[in-house]
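In: Compute the structure for the input listed below.
(2 chains)
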Protein chains: 2
Amino acid sequence: MTHLLDQLPEVLLMGPGPSCVPPAVYRALSRPTIGHMDPRFISVMDEIKGLLRQVMGTTNELTIPVSGTGSAGMETCFVNLVERGDPVLVLVNGVFGQRMTDVATRLGAEVDTLEFAWGKPVLVEAVQEKLGEKPYNLVAVVHAETSTGVCNPVAEIGQLVRQTDALFLVDTVTSLGGMPVTMDQWGCDVMYSGTQKCLSCPPGLAPVSFSARAVQKLRSRRSKVPNWYLDLTMIIQYWDGAKRVYHHTAPVNMLYALDQALRVILEEGLDQVYARHRQAHERLVEGLAPLGLEMLVAPESRLPMLNAVCVPEGVDEATVRRRLLEEHNIEMGAGLGPLAGRIWRIGLMGHTARPENVDRLLEAFQNVLK
Amino acid sequence: MTHLLDQLPEVLLMGPGPSCVPPAVYRALSRPTIGHMDPRFISVMDEIKGLLRQVMGTTNELTIPVSGTGSAGMETCFVNLVERGDPVLVLVNGVFGQRMTDVATRLGAEVDTLEFAWGKPVLVEAVQEKLGEKPYNLVAVVHAETSTGVCNPVAEIGQLVRQTDALFLVDTVTSLGGMPVTMDQWGCDVMYSGTQKCLSCPPGLAPVSFSARAVQKLRSRRSKVPNWYLDLTMIIQYWDGAKRVYHHTAPVNMLYALDQALRVILEEGLDQVYARHRQAHERLVEGLAPLGLEMLVAPESRLPMLNAVCVPEGVDEATVRRRLLEEHNIEMGAGLGPLAGRIWRIGLMGHTARPENVDRLLEAFQNVLK
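Out: Prediction:
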């Protein structure tokens, strides 16, 4: 009897993640498992920390992958830094800003939100005004809003937050490894990401980085972190120091894969990788125009790796996606929330961001739309 | 330059997990990633739920792997079922009972513990007495205490808890797939496990199962689950029903591996798998005696898959473990907490539990101890 797994096709992953994975990363993923306390595995962990710092643009000591997917990274940052009653400001212009609001509220924070239109960037002037109204412990924003394809001006927002006592938290789930992410230059204190977007590693890990200020806040909490699994005060003792203390069993093989994925990126060179993403994006936008397809986001705010394309009047977006998947083995993403049915989301992330993949999608699109 | 990953040896994993992984599981792990919303992936998810039910001995609808390691499974069970002020009883005779106490306390539960000697089982009479003192919302116990090698009498405890209104929670991280786990027969409402022990899948997922009573408790919470990432009320919508709702990006490749690992076990047959564990355990105990090595736990309470061996007077236990690893590529576990330095923990879990592996360890042990 043929097994389900044996029937899975190879899909060109052009949705909002996961993205295509390079062969070297699959090979790393399936290397023989060794123990999570084995000194040779500890060396791999140390290498990963160093590689992550390069990709994240930081020198933060506390820079590690959390044992869960990107949303576990979000949960980690909030649960370690927010306590009951803490005033928090979340800038919202899409699903992932909303999700941060939900996460922080569940933890008992006093959450204010500043909302912006979906498909438009956060307005820096509005943030400035809001920050003048009252003090916040933490200000959070999404760099690359995966639900809309918008790039938010995190460097400018960081300059404003730096003038207050608040910690500055940035979600780089979709941007990391596909466009410049410069945590320290942004004045960012807390960052989380995921592995299954531009890092081109299968989903399952969430890189996070905490600045010295963020670690100080963590160390001076009034209460224990109300989440044992994601408590960084304990996880640090496994990831750092001369004597490593067991916390939970690390996802060994996923960490092999992440190590390899980061090496693939750094061997190509960050500038080259970013240029490849931009070029794939430009090729896509140019190719969509003749098909009568328009972008949701204005050119100056577009992300290279997540392209929100407006569904033309009279076209059933789900049928187009289904046919692309079934007839062409290409996956594309649907819209979320208020954009459901109104946009497609085309991912050009990591290993996927190549001209031949863009051309294959455009040809299939033409075929399905005609 | 040789890469760190290329220098990793193949290690015979005889510690407290991870265990050795069968080749078919590595192959599944590195199959091409597909989208987490792809209908063909949804079919794999559905298959996993069915296979898990067989191994867990339950017909519970809500039976899924959580996207984190075994401790995330523990966190999931408590955070979904415990609210601030809820009276909870935890039976403690090792590290993992202590961990449950810590997890529940951080969530604001009123936790009572009933403590037993490390290396001895939970005493059913003491539990009966304690349950008579006051009502609890939840009673928690570890089936196979990984830190001591003790098997707790969960069926007997379940009968007692059934006579109260409390939910009965059992940790089967180490037992699942290596000895009979019969959730429904035990009257167990909530169970969690891990993949890296007797399921012989790399670490990274935590199977959990909730009875109808537990789901009812979840549905009637007074407050939202204070953990977005592990909120089962939302995760259910991705794992169940006709229309699947995106929650977080599932760890696709790890789920391939779990699917395959469960199939490997069920194809061998649960009874055969349990017998193989028992036989490996007996072979080990018989082989240790001539080396002058004694077991910590009395025969009637010993786990087959986790063997706590007393370190002889005058022997430096860390040196023995280091030499086994460096000279023989065999990993063995150290003692934890009050048993640190006093025991070794020899795992015979899943794919590791074979006579040839026992013999290889015994020979190496003899070599290192002489």
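
In: what helices or strands is the helix or strand where residue A:130 lies leaning on?
Out: Element membership for residue A:130 (DSSP states H and E) is helix A:124-133. Taking 3 or more Cβ pairs under 8 Å, 6 or more residues apart in numbering or on different chains; DSSP states H and E as contact, the helices and strands that helix A:124-133 lies on are strand A:87-92, strand A:110-115, helix A:154-162. Backbone N, C-alpha and C define where each C-beta goes, glycine included.

In: Looks to me like residue A:170 is in a helix.
Out: No. Secondary structure of residue A:170 (DSSP: H, G, I helix; E, B strand; the rest coil): strand, not part of a helix.

In: hmm, back to that, dump the helices and strands packed on helix A:124-133 into a markdown table; add distance to chain B, mean neighbour count and mean pLDDT as well.
Out: Rendered in a markdown table, the data for those read as follows (distance: least, Cβ to the nearest Cβ, whole Å; neighbours: other Cβ atoms under 10 Å in any protein chain shown; pLDDT from 0 to 100):
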| stretch | distance to chain B | mean neighbour count | mean pLDDT |
| --- | --- | --- | --- |
| strand A:87-92 | 13 | 23 | 98 |
| strand A:110-115 | 13 | 17 | 98 |
| helix A:154-162 | 22 | 20 | 98 |
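
In: possible to save those as a markdown table with distance to residue A:72?
Out: Listed next are those as a markdown table, based on distance: least, Cβ to Cβ, whole Å:
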| stretch | distance to residue A:72 |
| --- | --- |
| strand A:87-92 | 18 |
| strand A:110-115 | 20 |
| helix A:154-162 | 22 |
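
In: SS state for residue A:65?
Out: Following three-state DSSP, the label given to residue A:65 is strand.

In: What is the burial count for it?
Out: For residue A:65, the number of neighbouring residues by other Cβ atoms under 10 Å in any protein chain shown comes to 28.

In: thought it was touching residue A:201?
Out: No. Counting by Cβ atoms under 8 Å, no contact exists between residue A:65 and residue A:201, whose distance comes to 9.6 Å.

In: Return the backbone torsion pair for residue A:343.
Out: In terms of degrees, to the nearest 10, the main-chain angles of residue A:343 are phi -130, psi 160.

In: okay, now the residue nearest to it when sequence neighbours are not counted: neighbour count?
Out: In space, residue A:343 comes closest to residue A:335 once its chain neighbours are excluded; the distance is 4.2 Å by Cβ to Cβ, 6 or more residues apart in numbering or on different chains. When neighbours are defined as other Cβ under 10 Å, residue A:335 has 22 of them.

In: isn't residue A:335 right up against residue A:342?
Out: Yes. Using Cβ under 8 Å, residue A:335 and residue A:342 qualify as a contacting pair, with a distance of 5.3 Å.

In: shared neighbours, these two?
Out: Where contact means Cβ atoms under 8 Å, 6 or more residues apart in numbering or on different chains, the residues bridging residue A:335 and residue A:342 through contact with each are A:311, A:317.

In: hmm, back to that, tell me which residues of the helix holding residue A:130 are tucked away?
Out: Along helix A:124-133, these residues count as buried under the neighbour rule (16 or more other Cβ atoms under 10 Å in any protein chain shown): A:127, A:130-131.

In: Within range of chain B, give me the residues from the stretch 151-300 of chain A.
Out: Taking Cβ under 8 Å from any Cβ of the partner chain as the contact definition, the stretch 151-300 of chain A meets chain B at A:194, A:196, A:202-204, A:224-229, A:246-254, A:256, A:259-260, A:263.

In: Out of those, which end up buried?
Out: Among these, the ones that count as buried by 16+ other Cβ under 10 Å are A:194, A:196, A:202-204, A:225-229, A:246-254, A:256, A:259-260, A:263.

In: separation between residue A:46 and chain B?
Out: Residue A:46 sits 9 Å away from chain B, going by Cβ to the nearest Cβ, to the nearest Å.

In: Any buried residues in whatever helix or strand that residue lives in, and which?
Out: Following DSSP H and E, one finds residue A:46 within helix A:39-56. Burial within helix A:39-56, assessed by neighbour count using 16+ other Cβ under 10 Å, is assigned to A:41-42, A:44-45, A:47-49, A:51-53, A:55-56.

In: mind giving me the domain split of chain A?
Out: What the record gives for chain A is the domain set A:9-18+A:269-369, A:23-266, from automatic domain parsing.

In: Residue A:209 belongs to a helix?
Out: No. Remark: residue A:209 does not belong to a helix; assigned using three-state DSSP, it is strand.

In: hang on, it packs against residue A:60?
Out: Yes. The pair residue A:209 and residue A:60 passes the contact test of Cβ under 8 Å, sitting 4.7 Å apart.
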